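>>> Give the three-dimensional model of this entry:
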Amino acid sequence: MTKQNIVFINFNSLYEILDEIKENLSFKIKQYDSEENLMKENNSNVENSLIILKHNQKLLLNKNHINLLNLNNFPLSLIKLIELINIQLIKLRFNLKSKININDYELNLNSKFFSKNDVTLKLTEKEVEIILYLSENKKKHDVINLQKNIWGYSSNMETHTVETHIYRLRKKIVDKFNDDKFIISDKKGYFID
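Coordinates of the predicted model:
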């Protein structure tokens, strides 16, 4: 497993302590004297790093604060500090793995938010399943296939559940994103191109 990155911004004392024991840590550490220097050198990897700040520092680059640990309860034992860092790293890893890009959209499996260009749509569990199934299998799926693989229905069952769910999902996407080409339908079935 690749070690995750811990970035200290203007927190030299803590960085030096951890630097002395870095061989025993399950993460990599790096120190920057300013947010600007971090962005210059490491812009593409900032979202994958846990950023550690002193309690009174503010950070401009991090909008969602998922990967931010602001330390303010001192004194703090080394064991407790490493425990806090590891918990944040687990959360960060979980959040990074929960995001899937489909065409120009991002689907967050944890929150069930479907977003594009700062516009967000809340989906149901079944809507998430439909989008995932159609995007993972880049072929056309007829109603019987979707009944079987998403709802678990047998092919001899008469139901309009599939059509109703896909109609509502397509309508939500059109209303929110003005995109009537995300889920496409034709005689052979539904698909995401």
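>>> helices or strands up against the helix or strand of the chain with the lowest mean pLDDT?
Between all helices and strands in the chain, the lowest mean by mean pLDDT, DSSP states H and E belongs to helix 35-42, at a mean of 73. Helices and strands touching helix 35-42, by 3 or more C-beta pairs under 8 Å, 6 or more residues apart in numbering; DSSP states H and E, are strand 4-9, strand 27-32. In this view, the C-beta of every residue, glycine as well, is placed from N, C-alpha and C.
>>> Now do the buried residues in that helix.
Using 16 or more other C-beta atoms under 10 Å as the test for burial, helix 35-42 gives E35, L38.
>>> now stretch 84-98
I85, Q88, L89, L92, N95.
>>> Just the ones of those residues in helices?
I85, Q88, L89, L92, N95 (DSSP state H).
>>> Show me which pair in the residues you listed is furthest apart.
I85 and N95 (15.7 Å; C-beta to C-beta).
>>> which residues of the chain fall in strands?
4-9, 27-32, 49-54, 68-71, 99-102, 105-108, 113-116, 119-122, 183-186, 189-192 (DSSP state E).
>>> any chance of the ones you listed in CSV, with mean neighbour count too?
As requested, the strands of the chain are exported to CSV (neighbours: other C-beta atoms under 10 Å):
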stretch, mean neighbour count
strand 4-9, 22
strand 27-32, 17
strand 49-54, 21
strand 68-71, 16
strand 99-102, 14
strand 105-108, 18
strand 113-116, 18
strand 119-122, 14
strand 183-186, 14
strand 189-192, 19
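>>> among those strands, which is nearest S77?
strand 68-71 (12.5 Å).
>>> Paired strands for the closest one, with orientation please.
With DSSP bridges as the test, strand 68-71 is paired with strand 49-54 (parallel).
>>> So for the strand it pairs with, could I get the coordinates as PDB, restricted to C-alpha?
Extracted C-alpha coordinates of strand 49-54, given in PDB (Å, rounded to 0.1, in the frame of the first residue of the first chain):
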ATOM      1  CA  SER A  49      -2.800  14.900   1.200                       C
ATOM      2  CA  LEU A  50      -3.800  15.600   4.800                       C
ATOM      3  CA  ILE A  51      -2.900  19.100   5.700                       C
ATOM      4  CA  ILE A  52      -2.000  19.900   9.300                       C
ATOM      5  CA  LEU A  53      -2.200  23.400  10.700                       C
ATOM      6  CA  LYS A  54      -1.900  25.200  14.000                       C
END
